[in-house]
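Undergrad: coords below, sequence missing:
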């Protein structure tokens, strides 16, 4: 059975990623890309669907022991896990994926720390998300698994043997000894990948992360949390194109045992835009430039058909399917690949993209004439469509509505484009667009605000609240001291807070279908909880903001990672993991609280 979501560590090479549990089991790995078929899919099913465990030998009937300690080595994605084995000694396993030019590799180095410890490696490769059993055989003392277009090569200096469709290695390490295992993916019709150099790869991987972290400009009191979040965001960036995945996983449930299971291995314009914002404000201009180039390629000459998400290389077809041979994480079915929300209308995306381009321009990123042209084209489209109902930021699968957040972000798109023209870096019908900006603003304040309750609402004419309304002061739609803003913040605190003070996205209806068209409930949405901390700081309730922020930091796992949501009933993380949309607002809130001067730094 898979571990709890927070029991997993992330390792990756900026092209794909693996999740490794506390017991030394890699339960998730897609090769060669984030969105490729999984070779290890045990997290969504059972060991029959693929895994790789390295740890101290244990009785077959007993569960594998969890590591006594684990950590990332300094500021990197190099994972160290240590086991203290009674009467035998201590052993360390170092897991990492070296940044690559060629074949993707997962390297695992076993090191004896004290005594002599019997170890076992159990590798069960299953292609096509656990459905296909490969042909496993030896080639020149290397073990290779082949099925269809894929081959995975295992290299190690210790003996291996096959049993029950699994490749085992049983060996002993003494203090000071090191034994390395590497798997490498290669198209099955190619020549074998080069023999790996595990120790050299470890040194190069350490140097890569050390150099990358040196560019971070944040020096405040939350540096540890900010740097770990930045490393996580870098790990979610597909290096060849600059696209940023929302998470490296699919179908980790928002509601344990429920149907709210989605594939997040794609580039949402919204998530990528806010990620770009955080990277720019912490010194990472090259990532920002690469994402802007990715955006221009993905949208190309067709901004009228802007999608809310694309594949990591800009692919448009992301058809959704269900993998019925996988029972799902803790029986949370269906397991989905692809994402049907790609074809939704979400008008807020225009605002997020325009805001990101605006920030890139304001922070001195080299001018790109096509980026300015794209921004103008987006506004021309938005001028004729901003007043339509849409599916909104939360990608509801119920009827389209006039979501207030979508209208606010349409206002943001127009406002930032006006600023671009006013700066002299673009030409456009300035007075016409100023009038459009005023029209949108007036429309939202008249139709999206409930004067009796002194709060903005989820959509025009509704009584429901929505945590996305917390962004109203953050994007400059209204000032923080406006009574309508304060009323909205306080209403969300009253009506969308969990018992432990975290924030839900919107009301759900349990077994009935709610506004999102789905049955079931979900946990507190971590991004919304960070937004609340931001808003509290903006309206002067800084101590309250700090306390909420530090409660949120305490939800991170022992390695500093966050999923999408927190289930207050089960007291555990839920949703895809790790989640960019949780780590970005963590960075933003840390920057805001540090800038407030309340904590020094």
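TA: Perfect, I can see it now. All of these numbers come straight from a predicted model, not from anything done at the bench.
Undergrad: Let me know the next secondary structure element after the top strand by length along the chain.
TA: For the chain, the strand reaching the highest residue count under DSSP state E is reported as strand 105-124. Sequence-wise, the next helix or strand downstream of strand 105-124 (DSSP states H and E) is helix 127-130.
Undergrad: contact partners of that following helix?
TA: 37-39, 41-42, 44-45, 48-50, 134, 145, 147-148, 150, 323, 325-326, 335, 337 (CB atoms under 8 Å, 6 or more residues apart in numbering). Using the backbone N, CA and C atoms, a C-beta is placed for each residue, glycine as well.
Undergrad: If we use 10 Å, what do you get?
TA: 30-31, 36-42, 44-51, 124, 133-134, 145-152, 250, 323, 325-326, 335, 337 (CB atoms under 10 Å, 6 or more residues apart in numbering).
Undergrad: circling back: how far away from the center of its chain is the longest strand of the chain?
TA: 29 Å (CA atoms, centre = their mean, to the nearest Å).
Undergrad: Now it: average pLDDT?
TA: Strand 105-124 carries an average pLDDT of 98.
Undergrad: Buried residues, it. List them.
TA: Going by neighbour count (16 or more other CB atoms under 10 Å), the buried part of strand 105-124 is 105-113, 117, 119-124.
Undergrad: cool, stretch 186-199 as well?
TA: Residues 186, 188, 193, 196, 198 are the ones in stretch 186-199 that count as buried (16+ other CB under 10 Å).
Undergrad: of all the residues you listed, which comes closest to residue 170?
TA: If you rank these by distance to residue 170 using CB to CB, residue 198 comes first, at 19.6 Å.
Undergrad: mind listing what that closest one touches?
TA: Counting by CB under 10 Å, 6+ apart, residue 198 has contacts 94, 96, 98, 105, 107-109, 155-157, 178-182.
Undergrad: Recalculate using a threshold of 7 Å.
TA: 107, 109, 180, 182 (CB atoms under 7 Å, 6 or more residues apart in numbering).
Undergrad: Over to residue 468?
TA: Each residue near residue 468 by CB under 7 Å, 6+ apart is listed here: 393, 405.
Undergrad: So it: helix, strand or coil?
TA: helix (DSSP: H, G, I helix; E, B strand; the rest coil).
Undergrad: What score does residue 600 have for pLDDT?
TA: We have a pLDDT of 40 for residue 600.
Undergrad: Tell me, how many residues neighbour the closest residue to residue 524 other than its chain neighbours?
TA: Computed as CB to CB, 6 or more residues apart in numbering, the closest residue to residue 524 that is not its neighbour in sequence is residue 502, at 3.5 Å. Using other CB atoms under 10 Å, residue 502 has 23 neighbouring residues.
Undergrad: Same question for residue 582.
TA: When neighbours are counted by other CB under 10 Å, residue 582 comes out with 29.
Undergrad: From the contact counts, what lies against the helix or strand hosting it?
TA: Assigned by DSSP H and E, residue 582 belongs to helix 580-595. Where contact means 3 or more CB pairs under 7 Å, 6 or more residues apart in numbering; DSSP states H and E, helix 580-595 is packed against helix 223-235, helix 269-281, helix 526-538, helix 542-553.
Undergrad: those helices in the stretch 251-400 of the chain, which residues are they?
TA: 269-281, 285-299, 348-362, 369-385 (DSSP state H, counting those that start in this stretch).
Undergrad: okay if I get those as CSV plus distance to residue 229 and mean pLDDT?
TA: Listed next are the helices of the stretch 251-400 of the chain as CSV, based on distance: least, CB to CB, whole Å; pLDDT from 0 to 100:
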stretch, distance to residue 229, mean pLDDT
helix 269-281, 8, 87
helix 285-299, 14, 87
helix 348-362, 18, 88
helix 369-385, 26, 88
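Undergrad: how about those helices in CSV, adding mean neighbour count and distance to residue 16?
TA: Listed next are the helices of the stretch 251-400 of the chain as CSV, based on neighbours: other CB atoms under 10 Å; distance: least, CB to CB, whole Å:
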stretch, mean neighbour count, distance to residue 16
helix 269-281, 24, 17
helix 285-299, 20, 17
helix 348-362, 23, 25
helix 369-385, 18, 29
